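Student: what follows is a protein structure lacking sequence information:
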(Lines give C-alpha, C1' and ligand atoms only; values in the text may rest on other atoms or scores of the structure.)
Protein backbone atom coordinates (compact mmCIF):
# COMPACT_ATOMS: atom_id res chain seq x y z
CA UNK A 1 0.00 0.00 0.00
CA UNK A 2 2.89 2.38 -0.67
CA UNK A 3 6.12 3.09 1.17
CA UNK A 4 7.44 6.02 3.12
CA UNK A 5 6.06 8.52 0.64
CA UNK A 6 2.53 7.35 1.43
CA UNK A 7 1.38 9.55 4.27
CA UNK A 8 -1.59 7.40 5.11
CA UNK A 9 0.60 4.35 5.64
CA UNK A 10 2.94 6.22 7.90
CA UNK A 11 4.00 4.00 9.53
CA UNK A 12 2.47 1.11 7.54
CA UNK A 13 1.24 -0.92 10.46
CA UNK A 14 -0.90 1.14 12.81
CA UNK A 15 -2.52 -0.99 15.44
CA UNK A 16 -6.01 -0.12 16.49
CA UNK A 17 -6.11 0.31 20.24
CA UNK A 18 -9.08 -0.79 22.34
CA UNK A 19 -10.04 2.88 22.54
CA UNK A 20 -9.89 3.26 18.74
CA UNK A 21 -12.15 0.24 18.26
CA UNK A 22 -14.61 1.47 20.87
CA UNK A 23 -14.75 4.90 19.21
CA UNK A 24 -15.28 3.37 15.75
CA UNK A 25 -17.95 0.94 16.94
CA UNK A 26 -19.73 3.61 18.98
CA UNK A 27 -19.68 6.19 16.20
CA UNK A 28 -20.78 3.65 13.58
CA UNK A 29 -23.73 2.55 15.73
CA UNK A 30 -24.80 6.17 16.04
CA UNK A 31 -24.60 6.91 12.31
CA UNK A 32 -26.02 3.59 11.07
CA UNK A 33 -29.53 5.06 10.51
CA UNK A 34 -28.05 7.33 7.83
CA UNK A 35 -26.00 4.57 6.18
CA UNK A 36 -27.72 4.93 2.81
CA UNK A 37 -27.11 8.66 2.68
CA UNK A 38 -23.48 8.19 3.72
CA UNK A 39 -22.90 5.64 0.96
CA UNK A 40 -24.47 7.82 -1.71
CA UNK A 41 -22.73 11.03 -0.62
CA UNK A 42 -19.30 9.42 -0.30
CA UNK A 43 -19.45 7.51 -3.56
CA UNK A 44 -20.98 10.45 -5.49
CA UNK A 45 -18.12 12.60 -4.31
CA UNK A 46 -15.47 10.07 -5.26
CA UNK A 47 -16.66 10.10 -8.86
CA UNK A 48 -17.17 13.84 -9.04
CA UNK A 49 -14.16 15.16 -7.14
CA UNK A 50 -11.77 12.55 -8.58
CA UNK A 51 -13.10 12.00 -12.11
CA UNK A 52 -10.39 9.49 -12.92
CA UNK A 53 -12.26 7.00 -10.72
CA UNK A 54 -15.06 6.94 -13.29
CA UNK A 55 -12.88 4.61 -15.32
CA UNK A 56 -14.13 1.66 -13.26
CA UNK A 57 -17.75 2.45 -14.05
CA UNK A 58 -17.68 3.47 -17.70
CA UNK A 59 -20.36 0.87 -18.42
CA UNK A 60 -22.92 2.75 -16.32
CA UNK A 61 -25.51 4.99 -17.93
CA UNK A 62 -25.24 7.84 -15.43
CA UNK A 63 -22.30 8.76 -13.21
CA UNK A 64 -23.70 12.00 -11.81
CA UNK A 65 -23.89 12.53 -8.03
CA UNK A 66 -27.01 10.83 -6.67
CA UNK A 67 -27.99 9.01 -9.88
CA UNK A 68 -29.66 5.58 -9.50
CA UNK A 69 -26.57 3.48 -10.35
CA UNK A 70 -24.43 5.69 -8.09
CA UNK A 71 -26.88 5.36 -5.21
CA UNK A 72 -27.08 1.62 -5.68
CA UNK A 73 -23.33 1.28 -5.56
CA UNK A 74 -23.12 3.62 -2.59
CA UNK A 75 -25.26 1.11 -0.71
CA UNK A 76 -22.77 -1.64 -1.54
CA UNK A 77 -19.87 0.52 -0.36
CA UNK A 78 -21.46 1.46 2.96
CA UNK A 79 -22.51 -2.18 3.40
CA UNK A 80 -18.85 -3.09 3.03
CA UNK A 81 -17.91 -0.52 5.68
CA UNK A 82 -20.47 -1.95 8.13
CA UNK A 83 -19.10 -5.39 7.43
CA UNK A 84 -15.59 -4.16 8.14
CA UNK A 85 -16.59 -2.51 11.44
CA UNK A 86 -17.91 -5.90 12.46
CA UNK A 87 -14.54 -7.47 11.58
CA UNK A 88 -12.51 -4.78 13.31
CA UNK A 89 -10.69 -7.30 15.48
CA UNK A 90 -9.30 -9.10 12.42
CA UNK A 91 -9.46 -6.93 9.33
CA UNK A 92 -6.92 -8.91 7.29
CA UNK A 93 -8.78 -12.19 7.84
CA UNK A 94 -12.25 -10.68 7.72
CA UNK A 95 -11.69 -8.81 4.44
CA UNK A 96 -10.03 -11.72 2.65
CA UNK A 97 -12.84 -12.39 0.17
CA UNK A 98 -13.34 -8.70 -0.56
CA UNK A 99 -9.60 -8.28 -0.99
CA UNK A 100 -9.53 -11.05 -3.55
CA UNK A 101 -12.48 -9.45 -5.33
CA UNK A 102 -10.79 -6.05 -5.53
CA UNK A 103 -7.41 -7.52 -6.48
CA UNK A 104 -8.23 -10.17 -9.03
CA UNK A 105 -11.63 -9.27 -10.44
CA UNK A 106 -12.11 -5.53 -10.08
CA UNK A 107 -8.41 -4.69 -10.18
CA UNK A 108 -8.94 -1.39 -8.42
CA UNK A 109 -5.73 0.59 -8.11
CA UNK A 110 -5.20 0.76 -4.32
CA UNK A 111 -4.46 4.49 -4.62
CA UNK A 112 -8.20 4.90 -5.01
CA UNK A 113 -8.87 3.53 -1.54
CA UNK A 114 -7.25 6.68 -0.14
CA UNK A 115 -9.50 8.88 -2.27
CA UNK A 116 -12.66 7.10 -1.11
CA UNK A 117 -11.37 7.21 2.46
CA UNK A 118 -11.11 11.00 2.25
CA UNK A 119 -14.60 11.30 0.75
CA UNK A 120 -16.03 9.15 3.54
CA UNK A 121 -14.37 11.34 6.17
CA UNK A 122 -15.70 14.53 4.54
CA UNK A 123 -19.23 13.10 4.49
CA UNK A 124 -19.06 11.94 8.12
CA UNK A 125 -17.91 15.43 9.12
CA UNK A 126 -20.63 17.05 7.02
CA UNK A 127 -23.49 14.88 8.31
CA UNK A 128 -22.39 14.53 11.95
CA UNK A 129 -20.46 17.71 12.80
CA UNK A 130 -20.94 17.34 16.54
CA UNK A 131 -20.19 13.63 16.76
CA UNK A 132 -17.22 13.66 14.38
CA UNK A 133 -14.88 15.00 17.06
CA UNK A 134 -11.09 15.10 16.64
CA UNK A 135 -10.80 11.80 18.54
CA UNK A 136 -13.41 10.10 16.37
CA UNK A 137 -11.68 11.60 13.31
CA UNK A 138 -8.38 10.03 14.42
CA UNK A 139 -9.93 6.63 15.16
CA UNK A 140 -11.87 6.55 11.86
CA UNK A 141 -8.77 7.63 9.92
CA UNK A 142 -6.77 4.81 11.49
CA UNK A 143 -9.57 2.31 10.90
CA UNK A 144 -10.08 3.25 7.25
CA UNK A 145 -6.33 3.19 6.63
CA UNK A 146 -6.11 -0.28 8.11
CA UNK A 147 -9.15 -1.33 6.11
CA UNK A 148 -7.48 -0.14 2.90
CA UNK A 149 -4.40 -2.16 3.83
CA UNK A 150 -6.56 -5.24 4.44
CA UNK A 151 -8.33 -4.74 1.10
CA UNK A 152 -5.04 -4.61 -0.74
CA UNK A 153 -3.53 -7.50 1.18
CA UNK A 154 -4.18 -10.04 -1.56
CA UNK A 155 -2.92 -7.84 -4.39
CA UNK A 156 0.55 -9.38 -4.52
CA UNK B 1 -1.94 29.46 -15.50
CA UNK B 2 -4.81 28.08 -13.48
CA UNK B 3 -8.16 28.50 -15.17
CA UNK B 4 -11.09 29.02 -12.80
CA UNK B 5 -14.66 28.57 -13.94
CA UNK B 6 -17.20 31.17 -12.83
CA UNK B 7 -18.70 28.57 -10.51
CA UNK B 8 -15.32 27.84 -8.91
CA UNK B 9 -14.49 31.52 -8.41
CA UNK B 10 -17.90 32.30 -6.95
CA UNK B 11 -17.82 29.21 -4.73
CA UNK B 12 -14.38 29.93 -3.27
CA UNK B 13 -15.18 33.56 -2.57
CA UNK B 14 -18.52 32.56 -1.04
CA UNK B 15 -16.94 29.96 1.26
CA UNK B 16 -14.35 32.39 2.55
CA UNK B 17 -16.81 35.25 3.01
CA UNK B 18 -18.83 33.03 5.37
CA UNK B 19 -15.95 31.18 6.98
CA UNK B 20 -15.15 32.06 10.56
CA UNK B 21 -11.35 32.18 10.65
CA UNK B 22 -11.47 32.13 14.46
CA UNK B 23 -13.05 28.68 14.26
CA UNK B 24 -11.93 26.98 11.07
CA UNK B 25 -8.21 27.71 11.30
CA UNK B 26 -7.73 26.64 14.92
CA UNK B 27 -9.89 23.52 14.49
CA UNK B 28 -8.19 22.42 11.28
CA UNK B 29 -4.68 22.82 12.65
CA UNK B 30 -5.64 21.11 15.92
CA UNK B 31 -7.08 18.16 13.99
CA UNK B 32 -3.95 17.93 11.88
CA UNK B 33 -1.78 17.72 15.01
CA UNK B 34 -4.12 15.15 16.59
CA UNK B 35 -4.83 12.93 13.59
CA UNK B 36 -1.29 13.10 12.18
CA UNK B 37 0.83 13.44 15.33
CA UNK B 38 4.16 13.49 13.48
CA UNK B 39 3.24 16.99 12.33
CA UNK B 40 3.74 18.12 15.93
CA UNK B 41 7.47 18.14 15.32
CA UNK B 42 7.13 21.54 13.64
CA UNK B 43 5.48 23.02 16.71
CA UNK B 44 7.86 21.96 19.47
CA UNK B 45 7.76 25.51 20.85
CA UNK B 46 3.98 25.50 21.22
CA UNK B 47 3.99 24.03 24.72
CA UNK B 48 1.46 21.41 25.76
CA UNK B 49 0.50 19.14 22.84
CA UNK B 50 0.26 16.10 25.06
CA UNK B 51 -3.26 14.95 24.14
CA UNK B 52 -6.25 15.95 22.03
CA UNK B 53 -7.77 18.12 24.75
CA UNK B 54 -4.50 19.97 25.29
CA UNK B 55 -4.08 20.56 21.57
CA UNK B 56 -7.65 21.79 21.12
CA UNK B 57 -7.20 24.22 24.01
CA UNK B 58 -3.69 25.39 23.13
CA UNK B 59 -3.71 29.15 22.40
CA UNK B 60 -0.60 29.01 20.23
CA UNK B 61 -2.23 26.35 18.04
CA UNK B 62 -5.32 28.54 17.76
CA UNK B 63 -3.27 31.60 16.85
CA UNK B 64 -1.36 29.71 14.21
CA UNK B 65 -4.56 28.23 12.82
CA UNK B 66 -5.81 31.75 12.25
CA UNK B 67 -2.54 32.65 10.53
CA UNK B 68 -2.99 29.73 8.13
CA UNK B 69 -6.53 30.83 7.20
CA UNK B 70 -5.33 34.39 6.71
CA UNK B 71 -2.79 32.96 4.29
CA UNK B 72 -5.60 31.24 2.41
CA UNK B 73 -7.58 34.49 2.33
CA UNK B 74 -4.60 36.08 0.63
CA UNK B 75 -4.81 33.43 -2.07
CA UNK B 76 -8.56 34.05 -2.45
CA UNK B 77 -7.86 37.76 -3.07
CA UNK B 78 -5.29 36.81 -5.73
CA UNK B 79 -6.85 33.75 -7.33
CA UNK B 80 -5.42 34.51 -10.72
CA UNK B 81 -1.87 34.62 -9.47
CA UNK B 82 -1.52 32.44 -6.41
CA UNK B 83 1.91 31.20 -7.46
CA UNK B 84 3.45 34.68 -7.44
CA UNK B 85 1.49 35.73 -4.35
CA UNK B 86 2.93 32.79 -2.43
CA UNK B 87 6.55 33.10 -3.57
CA UNK B 88 7.77 34.41 -0.20
CA UNK B 89 5.60 31.97 1.76
CA UNK B 90 7.05 29.13 -0.27
CA UNK B 91 10.60 30.19 0.55
CA UNK B 92 9.64 30.53 4.22
CA UNK B 93 8.20 27.00 4.38
CA UNK B 94 11.04 25.41 2.45
CA UNK B 95 14.14 27.25 3.63
CA UNK B 96 13.29 28.38 7.13
CA UNK B 97 10.57 26.07 8.44
CA UNK B 98 11.62 23.07 6.34
CA UNK B 99 8.14 21.57 6.30
CA UNK B 100 7.86 18.31 4.34
CA UNK B 101 5.47 19.22 1.51
CA UNK B 102 3.47 16.01 2.10
CA UNK B 103 2.20 17.72 5.23
CA UNK B 104 0.51 20.47 3.24
CA UNK B 105 -1.90 17.82 1.93
CA UNK B 106 -2.60 16.56 5.44
CA UNK B 107 -3.52 20.04 6.68
CA UNK B 108 -5.55 20.66 3.51
CA UNK B 109 -7.55 17.49 4.17
CA UNK B 110 -8.26 18.66 7.73
CA UNK B 111 -9.32 22.10 6.47
CA UNK B 112 -11.71 20.41 4.02
CA UNK B 113 -13.19 18.28 6.78
CA UNK B 114 -13.71 21.27 9.10
CA UNK B 115 -15.28 23.38 6.33
CA UNK B 116 -17.58 20.45 5.49
CA UNK B 117 -18.75 20.38 9.10
CA UNK B 118 -19.38 24.15 9.00
CA UNK B 119 -21.27 24.11 5.72
CA UNK B 120 -23.27 20.90 6.15
CA UNK B 121 -25.51 20.19 3.20
CA UNK B 122 -24.12 23.23 1.41
CA UNK B 123 -20.85 21.35 0.94
CA UNK B 124 -22.09 19.57 -2.15
CA UNK B 125 -19.83 17.41 -4.37
CA UNK B 126 -19.51 20.36 -6.77
CA UNK B 127 -18.50 22.72 -3.96
CA UNK B 128 -16.08 20.12 -2.58
CA UNK B 129 -14.44 19.76 -6.01
CA UNK B 130 -13.98 23.54 -6.30
CA UNK B 131 -12.64 23.86 -2.77
CA UNK B 132 -10.17 20.99 -3.18
CA UNK B 133 -8.98 22.44 -6.50
CA UNK B 134 -8.30 25.72 -4.72
CA UNK B 135 -6.37 23.95 -1.95
CA UNK B 136 -4.40 21.96 -4.55
CA UNK B 137 -3.36 25.19 -6.27
CA UNK B 138 -2.33 26.65 -2.91
CA UNK B 139 -0.30 23.51 -2.08
CA UNK B 140 1.38 23.63 -5.48
CA UNK B 141 2.29 27.30 -5.00
CA UNK B 142 3.66 26.62 -1.52
CA UNK B 143 5.84 23.84 -2.90
CA UNK B 144 7.18 25.84 -5.85
CA UNK B 145 10.36 27.09 -4.20
CA UNK B 146 11.39 23.71 -2.82
CA UNK B 147 14.44 22.34 -4.58
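Tutor: Yes, it's here. All values derive from a computational prediction rather than experimental measurement. Residues are numbered from 1 along each chain as shown, chains lettered A, B, ... in the order given.

Student: spit out the contact partners of residue 87.
Tutor: Answering for chain A, as no chain was given. Contacts for residue A:87 (Cβ atoms under 8 Å, 6 or more residues apart in numbering or on different chains) come out as A:93-95. Every C-beta, even on glycine, is put in place using the N, C-alpha and C of the backbone.

Student: you looked at the wrong chain, it should be chain B
Tutor: Applying Cβ under 8 Å, 6+ apart to residue B:87 gives the contacts B:144-145.

Student: could you do the one 4 residues further on as well?
Tutor: Shown here is residue B:91, whose contacts under the criterion Cβ under 8 Å, 6+ apart are residue B:145.

Student: gap between it and residue B:100?
Tutor: Between residue B:91 and residue B:100 the computed distance is 16 Å (Cβ to Cβ, to the nearest Å).

Student: the spatially most central residue of chain B is in what secondary structure piece?
Tutor: Taking Cα atoms, centre = their mean, the centroid of chain B lies closest to residue B:108, which sits 5.0 Å from it. Applying DSSP states H and E as the criterion places residue B:108 in helix B:102-119.

Student: what comes up buried for the helix or strand following that helix?
Tutor: Downstream of helix B:102-119, the next assigned helix or strand under DSSP H and E is helix B:125-143. By 16 or more other Cβ atoms under 10 Å in any protein chain shown, the buried positions in helix B:125-143 come out as B:125, B:127-135, B:137-143.

Student: avg pLDDT for helix B:125-143?
Tutor: Average pLDDT, helix B:125-143: 97.

Student: got the contact list for the most centrally placed residue in chain A?
Tutor: Centroid-nearest residue in chain A: residue A:117, 4.6 Å away (criterion: Cα atoms, centre = their mean). Applying Cβ under 8 Å, 6+ apart to residue A:117 gives the contacts A:8, A:141, A:144-145, A:148.

Student: what does the pLDDT read for it?
Tutor: pLDDT, residue A:117: 97.

Student: that one and residue A:66: what is the separation?
Tutor: Using Cβ to Cβ, residue A:117 is found at 21 Å from residue A:66.

Student: same question, residue B:66
Tutor: Note on residue B:66: its distance to residue A:66, by Cβ to Cβ, is 36 Å.

Student: just residue A:51 next, same as before
Tutor: In this view, residue A:51 and residue A:66 are 16 Å apart by Cβ to Cβ.

Student: residues from chain A in reach of chain B?
Tutor: Neighbours of chain B within chain A, by Cβ under 8 Å from any Cβ of the partner chain: A:5, A:7, A:10, A:41, A:44-45, A:48-49, A:65, A:118, A:121-123, A:125-127, A:129, A:132, A:134-135, A:137-138, A:141.

Student: buried only: go through those for me.
Tutor: Using 16+ other Cβ under 10 Å as the burial test, the residues of chain A next to chain B include A:7, A:10, A:41, A:44-45, A:48-49, A:65, A:118, A:121-123, A:125-127, A:129, A:132, A:134-135, A:137-138, A:141 as buried.

Student: which one of the contacts of residue A:87 sits closest to chain B?
Tutor: Distance ranking of the contacts of residue A:87 against chain B, using Cβ to the nearest Cβ, places residue A:95 first at 22.8 Å.

Student: okay, now the residue nearest to that closest one when sequence neighbours are not counted: neighbour count?
Tutor: Leaving out its chain neighbours, the residue that sits closest to residue A:95 by Cβ to Cβ, 6 or more residues apart in numbering or on different chains is residue A:150, at 4.1 Å. Neighbourhood size, residue A:150 [other Cβ atoms under 10 Å in any protein chain shown]: 22.

Student: picking that back up, in which helix or strand does the residue nearest to the centre of chain A reside?
Tutor: helix A:111-127.

Student: can you name the element that comes right after that helix?
Tutor: As assigned by DSSP H and E, the chain's next helix or strand after helix A:111-127 is helix A:134-151.

Student: just for chain A, where's the confidence low?
Tutor: A:1-14 (pLDDT under 70).

Student: now the helices for it?
Tutor: Assigned by DSSP state H, the helices in chain A fall at A:18-31, A:35-49, A:68-86, A:91-94, A:96-100, A:111-127, A:134-151.

Student: so for residue B:82, which of these sits nearest?
Tutor: Across the helices of chain A, residue B:82 has its closest neighbour in helix A:35-49 (19.8 Å, Cβ to Cβ).
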